[in-house]
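> Any chance you can model this:
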Amino acid sequence: MSASTRTDNWSAERYSSNASFVYSAAFTNKAIALLSPQPGEHILDLGCGSGELTLESVLPPVLPGGSVVGLDASPDLLARAEANAAALSSPAAAAAITWVLRDGHELEGLQQDGRYDAVFSNAALHWMKRDPAKVVRGVHGLLKPGGRFVGEFGGALNMVGVRSTLHVVLGERGIDASKVDPWFFPTPETYSAILEKEGFKVETCELVPRPTALPTGLRGWLETFAFAFLDALPSPADREAVIDEVCRRLEVDMKAQGEGEGTWTVMYVRLRFKAWKK
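Coordinates of the predicted model:
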């Protein structure tokens, strides 16, 4: 892996405890079917996280003869991915996976430029807000002619209610949340235009509403994913107070009453797409 000097706000332990649904088969099978990995293919998993989906759904179909590179910007998540790969019972499978520590905005210069049959991304592109077009441009450079870019990430209206409440609660404490908000949730029209401008032909690009039960409630979700907002606060006590306040305001809409009482459900809206390099 390449070196990184960025602060790592991710925790593989929190991720698996609070958000394992992100890589669960129930929520990823349609994106994997859209990717349709084939024996002998070489695939890059962009934003692979802790590697469960990479190892369970992307790698096996490309064997024998193929390979997968898992790329992520978090050292902690990649360390878990490497540990998961080391536990594989098949030496051939373990040898066919490589992990790269890199920001998704910085894809230029990888040794595998122009080598990949496909680039796949699950639940990661919405974190690459600084320059989404640069990410797509980098993906285009990695693909063979006719290669495919397939992914699913947060789209317009994703986390509706949660995001706005974070903005309001931080605003009440004198913090402009728009300056720390890390998420890019585009419409299909916006993202299709980016793909087409950067040299792709779009096959499909659509929003997919997906209400999702949270295994550790909204508090666990906020502790795992809202660090950019929480880190803008001056102290741990302030962060806890904001989490408490956001949960209090959203409980009426997100916490089940009656049957299933106590279960928190968030309204995820995913943008699922498939595009081909021209």
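> So for the strand or helix carrying His167, what gets flagged as buried?
Applying DSSP states H and E as the criterion places His167 in helix 162-171. Judged by neighbour count (16 or more other Cβ atoms under 10 Å), helix 162-171 contains these buried residues: 162-163, 165-167, 169-170. (Glycine included, C-beta is placed from N, CA and C.)
> Likewise for stretch 13-33?
By 16+ other Cβ under 10 Å, the buried positions in stretch 13-33 come out as 14-16, 18-19, 21-23, 27-28, 31-32.
> Which one among these sits at the bottom for pLDDT?
pLDDT across the buried residues of stretch 13-33 is at its lowest for Ala19, which sits at 82.
> hmm, who's touching the lengthiest helix in the chain?
The longest helix of the chain (DSSP state H) is helix 236-254. The list of residues contacting helix 236-254 from outside it, by Cβ atoms under 8 Å, 6 or more residues apart in numbering, reads 161-162, 165-166, 169-170, 173, 217-219, 222-223, 229-230, 233, 264-266.
> just to revisit the earlier point, just checking, what packs against the helix holding His167?
For helix 162-171, the packing partners by 3 or more Cβ pairs under 8 Å, 6 or more residues apart in numbering; DSSP states H and E come out as helix 236-254.
> Alpha carbons only: can I get the helix it packs on in CSV?
The C-alpha trace of helix 236-254 is given here as CSV (Å, rounded to 0.1, in the frame of the first residue of the first chain):
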residue,chain,number,x,y,z
PRO,A,236,-16.5,15.3,23.4
ALA,A,237,-19.3,16.7,25.6
ASP,A,238,-20.5,18.9,22.8
ARG,A,239,-20.4,16.0,20.4
GLU,A,240,-22.5,13.8,22.7
ALA,A,241,-25.0,16.7,23.2
VAL,A,242,-25.4,17.1,19.4
ILE,A,243,-26.0,13.4,19.0
ASP,A,244,-28.6,13.4,21.7
GLU,A,245,-30.3,16.4,20.2
VAL,A,246,-30.4,15.0,16.6
CYS,A,247,-31.8,11.7,17.9
ARG,A,248,-34.4,13.5,20.0
ARG,A,249,-35.6,15.6,17.0
LEU,A,250,-35.7,12.6,14.6
GLU,A,251,-37.2,10.0,16.9
VAL,A,252,-40.8,10.8,16.0
ASP,A,253,-40.1,10.0,12.3
MET,A,254,-37.4,7.3,12.5
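> Tell me where the chain is predicted with low confidence.
By pLDDT under 70, the low-scoring segments of the chain are 1-6, 111-113, 258-261.
> Show me the strands in it, by range?
For the chain, applying DSSP state E gives strands covering 42-46, 67-72, 97-101, 116-122, 143-154, 200-214, 264-277.
> With mean neighbour count and distance to Phe184 as new columns, can the ones you listed be given to me in JSON lines?
Listed next are the strands of the chain as JSON lines, based on neighbours: other Cβ atoms under 10 Å; distance: least, Cβ to Cβ, whole Å:
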{"stretch": "strand 42-46", "mean neighbour count": "26", "distance to Phe184": "14"}
{"stretch": "strand 67-72", "mean neighbour count": "25", "distance to Phe184": "17"}
{"stretch": "strand 97-101", "mean neighbour count": "19", "distance to Phe184": "22"}
{"stretch": "strand 116-122", "mean neighbour count": "25", "distance to Phe184": "13"}
{"stretch": "strand 143-154", "mean neighbour count": "21", "distance to Phe184": "8"}
{"stretch": "strand 200-214", "mean neighbour count": "15", "distance to Phe184": "14"}
{"stretch": "strand 264-277", "mean neighbour count": "21", "distance to Phe184": "10"}
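> want to throw the ones you listed into JSON lines with distance to Glu82?
Listed next are these as JSON lines, based on distance: least, Cβ to Cβ, whole Å:
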{"stretch": "strand 42-46", "distance to Glu82": "14"}
{"stretch": "strand 67-72", "distance to Glu82": "9"}
{"stretch": "strand 97-101", "distance to Glu82": "6"}
{"stretch": "strand 116-122", "distance to Glu82": "19"}
{"stretch": "strand 143-154", "distance to Glu82": "23"}
{"stretch": "strand 200-214", "distance to Glu82": "28"}
{"stretch": "strand 264-277", "distance to Glu82": "27"}
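> Tell me which of these approaches Ile194 most closely.
Closest to Ile194 of the strands of the chain, according to Cβ to Cβ: strand 200-214, at 8.8 Å.
> how near is the nearest residue to Asp103 once chain neighbours are set aside to Ala92?
Nearest residue to Asp103 in three dimensions, chain neighbours excluded: Ala73, at 4.7 Å (Cβ to Cβ, 6 or more residues apart in numbering). Applying Cβ to Cβ, to the nearest Å, the value for Ala73 to Ala92 is 28 Å.
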